[in-house]
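Asker: I'd like to go over a predicted model; first the sequence, then the structure.
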Amino acid sequence: MPNTATLQREAAVNVYRNVEQGLKETGAEACGLMFIHCAGQVQPEQQVRTHLEQAGYTSFQVWQDSHTQAIAVLLPGLTLDEVHYEGLRIKHELQESAPGADPQITLASFPPGERPSKATIQHMAESSKLVDSSEIHIYTLEHTADDPERILIVDNDPTVREFLQLRLKMQGYETYEAVDGLAALDLIEKVTPDLVLTELNLYGIDGLPFIHHIHKLEMQQPPRIVVLTEQRVEQTISQCFRSGVDDYMTKPFSPVELDARIRRCLH
């Protein structure tokens with residue numbers, strides 16, 4: 001008999017399949033898609049349904065994703081501006097009716113002829129859990145001939161690595177991860193990342209020695225280095241900047257601020 005975790009994964013896959021099928025059935029028209037997640041709360045699926053019915057929508061569909069605990073909302077015929085407006089209304093209504101719900105929303109609108117894959121739909125659902133609740137994340141499919149910028153995440157905490165990887169993928173970056181300094185140095189030579197996002201407290205080679213080793217690697221274009229660490233000692237921060245670090249952030253951190261600092265370093 002399947003265990004609970006297996007059943008939840010299967011249910012989640014069915015949700016993504018249902019969303020994918022619903023998008024295809026909308027035919028030659030724009031179609032909005034929204035994922036709503038309320039951290040620490042019972043997900044207000046019925047409230048969302050009631051709101052959309054009162055707003056006059058007749059062809060919307062709503063599903064509950066048991067894996068990410070996000071609500072998927074399909075809104076046929078809506079452009080990005082219309083979906084964004086509806087997302088703002090839903091966010092406001094949930095904040096008013098359920099204080100502390102703190103809704104996190106990722107949304108998109110796909111034009112005629114452009115439909116996301118099931119993997120993209122799943123990524124949207126996962127990203128809703130990472131969105132800063134002060135903003136609504138607009139998810140876009142990037143169409144570019146350029147290779148995405150590569151970021152190597154170095155941290156011995158698997159939870160931090162998973163969060164950063166999902167957050168950076170939301171921004172369109174190609175991500176890699178390493179658990180310690182030695183593995184990171186090996187990856188840097190293999191994948192030539194554009195930026196290394198690293199903790200200072202690492203197994204093996206850590207801190208300043210790790211940064212020095214990066215600079216000694218024979219590379220045509222050395223990576224930018226952003227430190228994201230629990231270390232707050234002024235002397236350590238000064239030594240990092242003198243050693244060629246491009247930016248330094250301490251934990252806990254603002255994901256929105258981290259996004260901005262990484263963009264500044266890369267561009």
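Answerer: Arrived safely, thanks for sending.

Asker: CA only for contacts and neighbour counts going forward, please
Answerer: OK.

Asker: The chain: helices as residue ranges?
Answerer: For the chain, the helices defined by DSSP state H occupy 4-25, 45-54, 80-97, 118-127, 158-170, 181-191, 207-216, 234-242, 255-266.

Asker: Tabulate these in TSV, adding columns for mean pLDDT.
Answerer: Shown next, in TSV, are the helices of the chain (pLDDT from 0 to 100):
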stretch	mean pLDDT
helix 4-25	67
helix 45-54	91
helix 80-97	90
helix 118-127	82
helix 158-170	90
helix 181-191	92
helix 207-216	92
helix 234-242	94
helix 255-266	90
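
Asker: what's the most buried one of the ones you listed?
Answerer: Per residue and on average, the most neighbours among the helices of the chain fall to helix 118-127, with a mean of 20 (mean count of other CA atoms under 10 Å).

Asker: the inter-axis angle of that helix versus helix 158-170?
Answerer: Helix 118-127 and helix 158-170 are oriented at 120 degrees to each other (axes from the mean of the first three to the mean of the last three CA atoms, to 10 degrees).

Asker: what's the distance between helix 118-127 and the middle of its chain?
Answerer: In this view, helix 118-127 has its centroid 10 Å away from the chain centroid, taken as CA atoms, centre = their mean, to the nearest Å.

Asker: Touching that helix from outside, list them.
Answerer: With CA atoms under 8 Å, 6 or more residues apart in numbering as the test, helix 118-127 has contacts from 16-17, 19-20, 35, 68, 70, 72, 106-107, 139, 166-167, 170.

Asker: Which residue lies closest in space to Val245, excluding its sequence neighbours?
Answerer: Leaving aside its chain neighbours, Val245 sits nearest to Ile225 (5.2 Å; criterion: CA to CA, 6 or more residues apart in numbering).

Asker: can I assume that neighbour is in contact with Glu199?
Answerer: No. Using CA atoms under 8 Å as the test, Ile225 is too far from Glu199 to be in contact (10.6 Å).

Asker: which residue is nearest the centroid of the chain?
Answerer: The centre of the chain sits closest to Arg167, judged by CA atoms, centre = their mean, with a distance of 3.0 Å.
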